[in-house]
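*Asks:* sequence plus the predicted model coming up.
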Amino acid sequence: MIGVNTWVWVSPLTDETLADLSPRIARWGFDVIELPVEHPGGWDPGKAAALLDELGLRTSVVLAMPPGRELVAASPETIRGTQDYLRHCVDVAVTVGAPAVSGPAYASVGRTWPMSPQERRALYAELGENLKPVLDHAAGRGIRIGVEPLNRYETSLVNTVEQALEALPEDCGIALDTYHLNIEEKDPVRAVRLAGDRIAHVQACGTDRGAPGGDRFDWPGFVTALHDVGYGGPLVIESFTSDNAVIATAASVWRPLAPTQDALATEGLAFLRTLTT
């Protein structure tokens, strides 16, 4: 299955933009549409479920961690608010029929600080404790949580699959993103095999954040490794538009990554189909 995140075109998602984008995404031949939950209430999950069911699109759900959403090294009030937000994401996933909620559910994107090995171990223990209520809620609703390692410029807490395995409780999944794997892993294919059956979700883009394909990433080896470890979920294209100042700054997208955002999506789809058919 091949999917695409609506962040390729818009942020934040609304009922109106979803109604505009989803028929095109279905017409192009995508199997899955990925729905970001940036602000609770920003779009109506019930309306989305009905629309996407009519179009024959499956769903995946991703979370967003702007400043103020933290599960470690933060006030009790901030941590409780973040847990509430993550539980809301789980409830949205249930409504739209997504099997997992994925993203960097540990600290706000862009928050970096140095830490000793002892401090890191303590933060990982804190993360496990603060994730537990969310994982319990998700398990009770049949949803898997996939926590995503990010590159060193976006976080200093969890950058690699090896760190994710150390940091996360055993009942927590891992979300992989080829952009971050390409930066942080010496061997992204080995990282897939290391993550194994913990992989809950996979996002794909080119090494420049554009469409997958035409870059130096080992796409055949990567897809083969996913198959070998038994991953059965979608490959979802995640990129961003430079037209939205907030999201462009957050993702460091300073220039167009394709002639058009539609071209980014459709060219990526065509390339990924060659690997999965």
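*Replies:* Nice, I can see it.
*Asks:* and the helices in this structure, which stretches?
*Replies:* Secondary structure of the chain, counting by DSSP state H: helices at 15-28, 45-55, 76-96, 117-140, 161-167, 178-184, 188-195, 219-228, 245-251, 261-276.
*Asks:* and the second one, what's its mean pLDDT?
*Replies:* Read it as helix 45-55. In this model, helix 45-55 has an average pLDDT of 98.
*Asks:* now do that helix against helix 15-28, angle only.
*Replies:* 20 degrees (axes from the mean of the first three to the mean of the last three Cα atoms, to 10 degrees).
*Asks:* just checking, what packs against helix 45-55?
*Replies:* For helix 45-55, the packing partners by 3 or more Cβ pairs under 8 Å, 6 or more residues apart in numbering; DSSP states H and E come out as helix 15-28, strand 58-63, helix 76-96. In this view, the C-beta of every residue, glycine as well, is placed from N, C-alpha and C.
*Asks:* most tightly surrounded among these?
*Replies:* strand 58-63 (a mean of 25; mean count of other Cβ atoms under 10 Å).
*Asks:* so what secondary structure elements neighbour it?
*Replies:* strand 2-5, strand 32-37, helix 45-55, helix 76-96, strand 100-103.
*Asks:* nearest approach to A191 belongs to which of those?
*Replies:* Closest of the helices and strands packed on strand 58-63 to A191 is strand 100-103, at 16.2 Å (criterion: Cβ to Cβ).
*Asks:* any idea of the mean pLDDT for the closest one?
*Replies:* pLDDT averaged over strand 100-103 gives 98.
*Asks:* now for the protein, the helix or strand with the poorest mean pLDDT.
*Replies:* helix 245-251 (a mean of 70; mean pLDDT, DSSP states H and E).
*Asks:* where does the stretch 101-250 of the chain dip in pLDDT?
*Replies:* The model of the stretch 101-250 of the chain has pLDDT under 70 over residues 243-246, 248.
*Asks:* hmm, 80 instead?
*Replies:* Within the stretch 101-250 of the chain, the segments meeting pLDDT under 80 span 241-250.
*Asks:* using CSV, list the CA coordinates for stretch 61-77.
*Replies:* What follows is stretch 61-77, C-alpha atoms only, in CSV (Å, rounded to 0.1, in the frame of the first residue of the first chain):
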residue,chain,number,x,y,z
VAL,A,61,-2.8,9.2,11.5
VAL,A,62,0.2,11.2,12.6
LEU,A,63,0.7,13.4,15.6
ALA,A,64,2.4,16.8,15.8
MET,A,65,4.8,18.0,18.6
PRO,A,66,5.1,21.8,18.5
PRO,A,67,6.6,23.7,21.4
GLY,A,68,4.7,23.0,24.6
ARG,A,69,4.0,19.3,23.9
GLU,A,70,6.5,17.3,26.0
LEU,A,71,6.7,14.0,27.7
VAL,A,72,10.1,14.5,29.4
ALA,A,73,11.8,17.3,31.3
ALA,A,74,8.7,19.4,31.6
SER,A,75,6.2,20.4,34.2
PRO,A,76,3.5,18.0,35.3
GLU,A,77,0.8,20.2,33.7
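*Asks:* just to revisit the earlier point, closest to P149 out of the helices and strands packed on helix 45-55?
*Replies:* So among the helices and strands packed on helix 45-55, strand 58-63 is nearest, using Cβ to Cβ, at 14.4 Å.
*Asks:* residues in contact with that closest one?
*Replies:* 1, 3, 5, 31-37, 48-49, 52, 85-86, 89, 92-93, 96-105, 201, 233-234, 236, 238 (Cβ atoms under 8 Å, 6 or more residues apart in numbering).
*Asks:* hmm, try it at 6 Å
*Replies:* 31-32, 34-37, 52, 89, 92-93, 96-98, 101-103, 236 (Cβ atoms under 6 Å, 6 or more residues apart in numbering).
*Asks:* how far off centre is that strand?
*Replies:* 8 Å (Cα atoms, centre = their mean, to the nearest Å).
*Asks:* start at 30, not 1
*Replies:* Okay, residue one is now 30; in that scheme the one you just asked about reads as strand 87-92.
*Asks:* and the angle from it to helix 105-125?
*Replies:* 170 degrees.
*Asks:* got the angle for strand 87-92 vs strand 61-66?
*Replies:* For strand 87-92 against strand 61-66, the angle by the same axes, to 10 degrees is 30 degrees.
*Asks:* can you list the strands that strand 87-92 pairs with?
*Replies:* strand 61-66 (parallel), strand 129-132 (parallel) (DSSP bridges).
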